[in-house]
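1. Quick one: sequence and predicted model below, then my questions.
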Amino acid sequence: MADERPIVIGTRGSALALAQANMIQDQCREAFPDREFELKIIKTTGDKLQTASLANPDKSLPKGLFTKELEVALADGTIDLAVHSLKDLPTELPDGLILGGVTQREDVRDVLVYRAAFGKVSEIVDIPDQMTIGSSSTRRCSQLLEKRSDLKLVEIRGNVGTRLRKVAENKDLFGTMLAAAGLKRLGFVIGKGYELQGEDVPEGLLAVPLEISDMIPAVGQAAIGLETRGYDARVAEICARLMHRDTLVSVIAERAFLRAFGGGCATPVAAHAHVADEQVNMEVVSYAGKGPKRAKGAKNLEASMELGEELAQQVR
């Protein structure tokens, strides 16, 4: 007799997490119209520590800020499937849990969101001198300062809406950087005149996507990861239907790079892999030592993990 219990999808409660979880739930229902799926919100440590510094982590700041409680719920059977922004998911998972699937990746670029009062800016070199940028990402800050050492960096935290309001209301801030994928999944659109459009967007904000050549994304950026129990055949069938091959190959390479490098989501490294002509191509950069170290390479699809590990050794 078939197991007719609902598939419980676990998610954080932020607006972006819910948008992503609802998207996955819709895909599940389309692929399996005869099955029942429901969402369950799990509050994570990262949601509780809104004032914690991500840019300057110390030993008191736990790993898996946005994943630990979801993983506990997976392990004890409270949920069957955890939906993560893949860049938040550690490369080493608890025993019994696996990355069961990844869906098709969204735009991997970062977006510079800034106050219109400073005039239009189309790339990093156009930012006026001595401006202050708000970011809690060591990856973004390192790449920004490499290109523009005159800029001032301050930490800024909170969900997308909070960060947008901070930029709009703080006249000392030029702007901040956000993931294009997150903005799109929340319904924001960049107009032809760079105006940022969407629900509850503060007035006076412009936005421009930054090319990958200027800002290499984080490991797993713009991909959604589906974490599951490794022995759950019922959920494995669902993940297999939602899996996107090229995205999977790319994130395997990126996560192998981060794992071999020995870092986490706060480590000042960046990596971007993509599939073209049945090869996985990858470029990486590290700011963990003295000055940036860069590497790039390509391998066949079956060797994506090996590619990531090799590039990690080149920039350590």
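-> Arrived safely.
2. give me every residue that touches Cys141.
-> The neighbours of Cys141, taking C-beta atoms under 8 Å, 6 or more residues apart in numbering as the test, are 55, 133, 135, 153, 268. In this view, the C-beta of every residue, glycine as well, is placed from N, C-alpha and C.
3. give me that answer again for 10 Å
-> Contact analysis of Cys141 by C-beta atoms under 10 Å, 6 or more residues apart in numbering lists 55, 133-135, 151, 153-155, 177, 268, 287.
4. try Lys147
-> Counted by C-beta under 10 Å, 6+ apart, Lys147 has contacts 123-125, 127, 214-215.
5. What strand or helix carries Arg255?
-> helix 245-261 (DSSP states H and E).
6. Leu81: which of the contacts of Cys141 is nearest?
-> The nearest member of these to Leu81, counting by C-beta to C-beta, is Met177 at 30.3 Å.
7. close enough to count as contact, the closest one and Leu210?
-> Yes: the pair Met177 / Leu210 is scored as a contact, 7.4 Å apart, by C-beta atoms under 10 Å.
8. ok, and for stretch 128-147, which residues are buried?
-> Neighbour-count burial for stretch 128-147, counted by 16 or more other C-beta atoms under 10 Å, picks out 131, 133-144.
9. Show me the helices in the protein, by range?
-> Under the criterion DSSP state H, helices of the chain are mapped to 15-31, 45-48, 68-75, 138-147, 160-169, 180-185, 233-242, 245-261, 304-315.
10. Out of those helices, which gets the lowest mean score?
-> Lowest mean pLDDT of the helices of the chain: helix 45-48, a mean of 62.
11. that older thread, mean neighbour count, the helices of the chain: which tops it?
-> Stretch with highest mean neighbour count among the helices of the chain: helix 245-261 (a mean of 23; mean count of other C-beta atoms under 10 Å).
12. report the angle between the axes of it and helix 304-315?
-> Helix 245-261 runs at 40 degrees relative to helix 304-315, counting by axes from the mean of the first three to the mean of the last three C-alpha atoms, to 10 degrees.
13. Who is Gly10 paired with across the strands?
-> Taking DSSP bridges as the rule, Gly10 bridges to Lys40, Ala82.
14. if I pick it, what's in contact with it?
-> Here Gly10 is in contact with 17, 21, 39-42, 69-74, 78-84, 227 (C-beta under 10 Å, 6+ apart).
15. Arg229 against Gly100, yeah?
-> Yes: between Arg229 and Gly100 there is a contact under C-beta under 10 Å: 8.4 Å.
16. intersection of neighbour lists for those two?
-> Taking C-beta under 10 Å, 6+ apart as the contact rule, Arg229 and Gly100 both touch 81-82, 235-236.
17. In this structure Val219 contacts Leu86, no?
-> Yes: look at Val219 against Leu86 with C-beta under 10 Å: they come within range, at 8.1 Å.
18. Of these two, which one has the most company?
-> With neighbours defined as other C-beta atoms under 10 Å, Val219 and Leu86 compare such that Val219 has more, 31 against 23.
19. Please identify every residue contacting each of Val219 and Leu86.
-> 251, 254-255.
20. from those, which is closest to Pro6?
-> Val251 (28.1 Å).
21. contacting residues for that closest one?
-> Applying C-beta under 10 Å, 6+ apart, we find Val251 in contact with 86-87, 89, 99, 102, 105, 219-223, 225, 244, 271, 273, 304, 308.
22. Please parse the chain into its domains.
-> 1-107+222-243, 110-210, 244-316 (automatic domain parsing).
23. Distance of Ala117 relative to Val201?
-> 16 Å (C-beta to C-beta, to the nearest Å).
24. Those two: which is more packed in?
-> Using other C-beta under 10 Å as the criterion, Ala117 and Val201 rank with Val201 on top: 19 against 9.
25. From Ala253, how far out is Leu226?
-> 18 Å.
26. same thing with Phe37?
-> 30 Å.
27. go on, Val201?
-> Taken as C-beta to C-beta, the span from Val201 to Ala253 is 35 Å.
28. And Val189, by the same measure?
-> 31 Å.
29. re earlier: closest one to Thr11 out of the shared contacts of Val219 and Leu86, please.
-> Using C-beta to C-beta, those come closest to Thr11 at Val251, 19.3 Å.
30. Which pLDDT value belongs to the closest residue to Gln197 other than its chain neighbours?
-> Leaving out its chain neighbours, the residue that sits closest to Gln197 by C-beta to C-beta, 6 or more residues apart in numbering is Val189, at 4.7 Å. With respect to pLDDT, Val189 has a value of 96.
31. what's the neighbour count on Val189?
-> Val189 has 12 nearby residues by other C-beta under 10 Å.
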